[in-house]
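Participant: sequence first, then the predicted structure:
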Amino acid sequence: MKESFKVAIVGAGPAGISAACKLADNGVTPVVFERGEFPGSKNTSGGVLYGHDLERIIPDFTDRKCPVERNIVESRVWYLNKNGGYSLSYRDTVFQNNCRHNVFTIGRAKFDRWYAGQASRKGAIVVCGTVITDLLRDKNGKVTGVRTDRPDGDFDADVVLLADGINSPLAAKTGFRPEPSPEHVALAVKEVIELPENVIEERFNVEPQNGVTIDILGDITCGMNGVAVIYTNRKSLSLCIGANLADFSTNRIKPYEMMETFKEHPMVAPLIKGGKSIEYMAHWLAEGGYDHIPELCGDGYLIAGDSAMLFNALHREGSNLAMISGAFAAEAILEARENKDFSKQSLNGYVRRLENSFILKDLKKYRRFNMFLQKHREIFTTLPEGFSFAAREMLTVDGVPKKEKQKIIWRNLRKNHSLTDLLCLCWDALRSV
Ligand SMILES: Cc1cc2nc3c(=O)[nH]c(=O)nc-3n(C[C@H](O)[C@H](O)[C@H](O)COP(=O)(O)OP(=O)(O)OC[C@H]3O[C@@H](n4cnc5c(N)ncnc54)[C@H](O)[C@@H]3O)c2cc1C
């Protein structure tokens, strides 16, 4: 049976649902196809989301019982070696008890379901348990709909939005995006550890409803280009650790072994002590950056979110980039609908919007960042111990004059790094951010 719909959206993640909300707000009834049994059932993220960007889609999201876990009042950054590490943090009462101010934690299974529910209430149709296996095209190559794995067949559409995430083979299969190479994808594992609310509040020194994020770098990723995070939820902690996919295959390190080492680290173990593991998953992250963004639209289609490589690794912004790109795609579709023209040229308003926004401006600014981490392996191998040695020396009172200690520190650092290496590191770091 052939059905005719105006707009088909592949994927009920943040990108697809944001586009659906925008379209439904403007009187269009989009159909969102989701392969999971419910939105969020196949999705994972560390779990921070930005109020500013959600507000652009659902202005009254707090009144609509958005499943917020905790408002983040403090952000910490750790640089770890085997025995300890540096900690830098910033806390501000301006973020207290109000997730509209900035960033909060969510669980994707709950959030995506709630978000898709908002789109449905606005009038979008969300069809779960349906895989889009291919795109339909006319003789000129223009996309004219989607092919599903359902027995009742194909869906015609004037325009298709690919919001199918980084793990989907669809964009690659259709040739709209090359299969991401292992250098441009990270593999992350996430474990959720259940703890009583009051224990989390004591361990992180926060009031009820408030929380902390910790972003972690150092030799915790076994010398590979990667990061770890700890985020506080209401009754659990999310722990994620990941690294470049190419590094995993070169180093033959298993992601779950890396997670176990991470959990045993002396700065991590006390935070999760007595907790119960309640969730475990693995997912890819889109780390190609600005230079690996595919063609963002063509005749009859657009690509948004992770599928379009819109991920800012340095600021761990992915869900919000997905939301805003989805909303921009919807606006461009509405414009094209006015003109009754769904050609690439007519849909190009999407690209213009992205270019004029923080999304492409930020990705362009950080285009060298991944390359910087790939090049300077010392950040994950020798530097953590070199810096820790420096801190230990300066903090240990043992009768050695401080000037002598500075010389010892410098000599120790120079054992593994020449002056040129260190200058090159500083120069590349400055250029990459
Ligand atoms: C471990 C980890 C931690 C992260 N932490 C954060 C964080 O703290 N903050 C942040 O902002 N971002 C974070 N991210 C990134 C964030 O999760 C993504 O950027 C975001 O989910 C992208 O949204 P999306 O809608 O583009 O894709 P997705 O969320 O991946 O959604 C795509 C949807 O499409 C569906 N789908 C795919 N193919 C098909 C098909 N053929 N047919 C039908 N349905 C299909 C999928 O099931 C899925 O529901 C993290 C990612 C990972 C892996």
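Facilitator: Looks like it came in fine.
Participant: need the residues of the stretch 251-400 of the chain near the ligand, please.
Facilitator: 283, 285, 305-307, 311, 316-320, 322 (CB under 6 Å from any ligand atom). For every residue, glycine as well, the C-beta is placed using N, CA and C.
Participant: let's see 8 Å
Facilitator: For the stretch 251-400 of the chain, the contact set with the ligand under CB under 8 Å from any ligand atom comprises 281, 283-286, 304-308, 310-311, 316-323, 325-326.
Participant: the helix ranked longest in the chain - contacts with which helices or strands?
Facilitator: Determined from DSSP state H, the single longest helix within the chain is helix 319-339. The contact analysis (3 or more CB pairs under 8 Å, 6 or more residues apart in numbering; DSSP states H and E) places helix 319-339 against helix 14-25, strand 48-50, helix 51-57, strand 159-162, strand 301-303, helix 344-347, helix 349-356, helix 358-365.
Participant: ok, and the closest non-adjacent residue to the closest residue to the ligand within the stretch 101-250 of the chain?
Facilitator: The stretch 101-250 of the chain approaches the ligand most closely through residue 165 (2.5 Å), counting by CB to the nearest ligand atom. Distances taken as CB to CB, 6 or more residues apart in numbering put residue 306 closest to residue 165, at 4.7 Å, once the chain neighbours are dropped.
Participant: and the one you found, how many neighbours?
Facilitator: When neighbours are counted by other CB atoms under 10 Å, residue 306 registers 28.
Participant: with residue 409 instead?
Facilitator: 18.
Participant: got a list of what the closest residue to residue 367 other than its chain neighbours touches?
Facilitator: Spatial nearest neighbour of residue 367, chain neighbours left out: residue 290 (4.0 Å); criterion: CB to CB, 6+ apart. Residue 290 makes contacts with 360, 363-364, 366-367, as judged by CB atoms under 8 Å, 6 or more residues apart in numbering.
Participant: next one: residue 290, what pLDDT does it get?
Facilitator: Model confidence at residue 290, given as pLDDT, is 94.
Participant: from the ligand, how far off is it?
Facilitator: 15 Å (CB to the nearest ligand atom, to the nearest Å).
Participant: tell me who's in contact with residue 167.
Facilitator: 283-284.
Participant: my error: substitute residue 164 in the last question.
Facilitator: Residue 164 sits in contact with 10-11, 16, 132, 170-171, 307, where contact means CB under 8 Å, 6+ apart.
Participant: sec struct for it, please.
Facilitator: Assigned with DSSP: H, G, I helix; E, B strand; the rest coil, residue 164 falls in the coil class.
Participant: dump the residue contacts of the residue nearest to it when sequence neighbours are not counted.
Facilitator: Excluding the flanking residues, the one nearest residue 164 by CB to CB, 6+ apart is residue 11, at 4.1 Å. Listed by CB under 8 Å, 6+ apart, the contact set of residue 11 reads 32-34, 162-165, 168, 305, 307.
Participant: please report how far residue 11 lies from residue 401.
Facilitator: Noted for residue 11: a distance of 63 Å to residue 401, by CB to CB, to the nearest Å.
Participant: got it, and residue 141?
Facilitator: 75 Å.
Participant: the more surrounded of these two?
Facilitator: residue 141 (11 against 8).
Participant: identify the residue spatially nearest to the more buried one, adjacent ones excluded.
Facilitator: Looking at residue 141 with CB to CB, 6+ apart, the closest residue is residue 299, at 6.5 Å.
Participant: kindly report the same for residue 373.
Facilitator: residue 225 (4.6 Å).
Participant: now residue 170
Facilitator: Closest to residue 170 by CB to CB, 6+ apart is residue 164, at 5.3 Å.
Participant: what of residue 111?
Facilitator: Going by CB to CB, 6+ apart, residue 111 has residue 67 as its nearest residue, at 5.6 Å.
Participant: all strands for the stretch 51-200 of the chain, in order.
Facilitator: 71-80, 85-91, 103-105, 125-127, 132-137, 143-148, 154-156, 159-162, 185-194 (DSSP state E, counting those that start in this stretch).
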